[in-house]
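Student: show me how the following folds:
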Amino acid sequence: MCIMNYKNIWAAGLICLSFLSCDKYLDEAPSKSKGIEITTIEQLDALLNKAAFTDLKTQMAPGILYRGDSFGMTAEQYLKGFKSTGVKIDLIQQSVGEVQYLENTNHLVSFWAASYQGVFMANLVLGNIEKVSGSDEFKARVKARAHLLRAYSYFDLAQYYCLPYGPATLAELGLPIKKTTGYEEDVHRVSLKDTYDFIEADVQEAVKLKDPIRQSEMRVSWKETGATANALAARFYMAKGQYDQAEKYASASLSYANDIRDYSDGTITQVMDAQSNQLVASNTLEQNRHPSFAADWDKAFYNRTHNFLFDYCFPIVSNKLMALYGDHEYDLRRKFFILKDMKNIGSLKMFVGSRFDPDVKIPGYYVHGNLEISLAPNVAEMMLTEIEAKARQGHYQQAMVDLNRFRKYRMDRSTPTNILQLTAQDQNQAVQQILDERQREFPYTVRWLDLRRINFNDDPKDDVVITKQFYKVNASAVDYNSAPITYELKPGSRKYAIAIPMQEIVASNGVIVQNKY
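Tutor: I've put the predicted structure just below:
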């Protein structure tokens, strides 16, 4: 009966998710006439479980994939290949930073709509939790899970549609804050400071959750746990530059699980790809359903959300990223995941490889035939977060010891000491070494979060200017008949905030204000 109850409630309250704008579905709460009334804490728990396991799974956030300095499509690669594969114009706009044109994004599949689904579900639970029967202990756990879901959703929205948090941006526009499922609630964008204050309040409620990540001998990374809550808190305080808190919560998350994969122990091997005659990484762990070793998928803390797809494109390796790995194969991330030419691998050759000039190489980041990349926080990220937070607080010597200990998991056991062991003469060098390691580890996911925070904090020494050469791009096309131009994304740029889908602005009758560029 419980299953029937929550399915009916879900269908009644959220059926409009697939067809209406986010403002519309956020305003429509379930009612007795549309579904069965929520009466027990078990029903609310079941709603969160269903949302976590199925309904809030895959979401698109191409800006995180393409906008950073790890992705680098060249003009030649486009002209002699990608132009013919159907690569979407919005992905090109993301890559070169022409984000003002992204207001034309399909709002039904946008990151805005997808993330507000999580907000709606959290509000549905929080709005009913004091009305249902159940033990105080059970209610407290479900309440913490809902606060975590809402905090996670709002944090993701802020990283995508708002300027980064920093001394100069606190008065900038943040997000519409929804605390209920009611239609009468204001949807004006509050300030960035107020947005982060709201998220922080949810984060502090979320870290009250103590559920283990391993339950009945299984890792339950599809749902909210204590590991998830602390990992989110670590990300949040890194974004704010509160490194003592970031270290505290990263350490707390690792107390739930610190089982990082050791790439050098032989669990990853290489096989010859039949289509291209290139060596590719081979997954030897059958229990890893999504074999993306590059992000330690099965070591994640929250795989409920955000499996980003490389849509009609490849995870092209930029010159900067390639240089970070070095011109050797001691770094196993380069050896196993980076290919000199990705277009002829497996099924890719069948679908798009024939459309490329054979002389054009596409160096690619290959994750075992699966073009999904997870943004889920995991063990490796929390280790590197703890390390960077130490260095930022002045403990850079210990941070370098910890960093080199981490690198042993990623480097071949025959690596010469001068390559394996990184050194730093001062705090600034240590921080840069750690940031470089984070880019090697998370080139298409966490790297974007790092770029946002380091380019808006009060320390200019860690700033990064992203430079790309490409054709001129407008609202609807690529001008490939003209000479390539230089695109720069500088620290403090307003283009770190992606345009909100215009349909969301229209649906709000103009109450939601578009980002300014």
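Student: going by C-alpha atoms from here, please, whenever you check contacts or count neighbours.
Tutor: Will do.
Student: let's verify Val190: helix, strand, or coil?
Tutor: Three-state secondary structure (criterion: DSSP: H, G, I helix; E, B strand; the rest coil) places Val190 in strand.
Student: now for the residue lying closest to Gly72 once chain neighbours are set aside: which residues touch it?
Tutor: Leaving aside its chain neighbours, Gly72 sits nearest to Ser318 (4.3 Å; criterion: CA to CA, 6 or more residues apart in numbering). The neighbourhood of Ser318, defined by CA atoms under 8 Å, 6 or more residues apart in numbering, consists of 69-73.
Student: which among those residues end up buried?
Tutor: When those are checked for burial by 16 or more other CA atoms under 10 Å, the buried set is 69-73.
Student: tell me the one of those nearest Arg392?
Tutor: When those are compared for distance to Arg392 (CA to CA), Asp69 wins out at 22.6 Å.
Student: give me the number of residues near the closest residue to that closest one other than its chain neighbours?
Tutor: Setting aside the residues directly before and after it, Asp69 is nearest to Ile466 in space (CA to CA, 6+ apart), at 5.8 Å. Residues contacting Ile466 under the criterion other CA atoms under 10 Å number 17.
Student: kindly report the same for the one 3 residues further on.
Tutor: Using other CA under 10 Å, Gln469 is surrounded by 16 other residues.
Student: Gln398 too?
Tutor: Using other CA under 10 Å as the criterion, Gln398 is surrounded by 12 other residues.
Student: tell me which element Asn49 is part of?
Tutor: If you go by DSSP states H and E, Asn49 is part of helix 41-50.
Student: chain center to that helix: distance?
Tutor: Distance of helix 41-50 from its chain centroid, counting by CA atoms, centre = their mean, to the nearest Å, is 25 Å.
Student: any idea of the mean pLDDT in that helix?
Tutor: Across helix 41-50, pLDDT averages out at 93.
Student: helices or strands next to it in the packing?
Tutor: Other helices and strands packing on helix 41-50, by 3 or more CA pairs under 8 Å, 6 or more residues apart in numbering; DSSP states H and E, are helix 2-14, helix 136-161.
Student: the following helix or strand past the longest one pairs with which strands?
Tutor: The first helix or strand that comes after helix 136-161 along the chain, using DSSP H and E, is strand 173-176. Looking at strand 173-176 with DSSP bridges, its partner strands are strand 189-191 (antiparallel).
Student: picking up where we left off before, looking at the buried ones among the contacts of Ser318, which is nearest Ser191?
Tutor: Comparing those against Ser191 with CA to CA picks out Asp69 as the nearest, at 28.5 Å.
Student: number of residues surrounding the closest residue to Glu488 other than its chain neighbours?
Tutor: The spatial neighbour of Glu488 that comes closest, neighbours along the chain excluded (CA to CA, 6+ apart), is Thr467 at 4.6 Å. The burial count assigned to Thr467 is 15, neighbours taken as other CA under 10 Å.
Student: against Val87, how distant is Thr467?
Tutor: If you measure Thr467 against Val87 using CA to CA, to the nearest Å, the figure is 21 Å.
Student: that's all I had, so thanks and see you.
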